[in-house]
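just a sequence and a predicted model for now, questions to come.
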Amino acid sequence: MVLRSLVKEDVFPFSFKIPDRKMPSSFKSTTGRIVHKIKAELKQSMKITKKVKSHFTFVSKADMDIPGLMEPQYGCKDKISQSLWFWTHFN
């Protein structure tokens with residue numbers, strides 16, 4: 001991440017660790033979204049505090065303890081539209 005000043009570009013390398021807990025993966029669609037972002041502040045005495053924020057994509061680890069996770073997924077289900085059901089039952 002880079003913090004920019006008016007005179008020059010300052011680079012302050014840092015790292016962070018994502019907490020070791022179940023977090024959902026980043027997701028975006030027309031019905032909703034899950035967004036992850038990080039905010040950083042650089043505070044120095046006698047200087048203006050510099051702030052930066054950035055969004056990042058996170059992909060969670062698969063929970064391998066879910067029964068049947070590695071099994072092939074298959075199946076089908078017949079559906080009938082509501083208008084077709086109404087027509088076949090009342091005509």
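In hand now; what should we look at?

beta partners for residue 39?
On the basis of DSSP bridges, residue 39 is bridged to residue 53.

surely it is in contact with residue 51?
Yes: using CB atoms under 8 Å, residue 39 is in contact with residue 51, at 7.1 Å. To be clear about C-beta, it is placed using only N, CA and C from the backbone, and glycine gets the same treatment.

who has more neighbours out of these two?
Comparing residue 39 with residue 51 by neighbour count (other CB atoms under 10 Å), the higher total belongs to residue 51, at 11 against 8.

can you tell me the SS state at that one?
strand (DSSP: H, G, I helix; E, B strand; the rest coil).

give the contact list for it.
Counting by CB atoms under 8 Å, 6 or more residues apart in numbering, residue 51 touches 39-42.

how much space between it and residue 57?
Distance from residue 51 to residue 57, counting by CB to CB, to the nearest Å: 22 Å.

okay, now residue 26: neighbour count?
For residue 26, the count of nearby residues is 15 (other CB under 10 Å).
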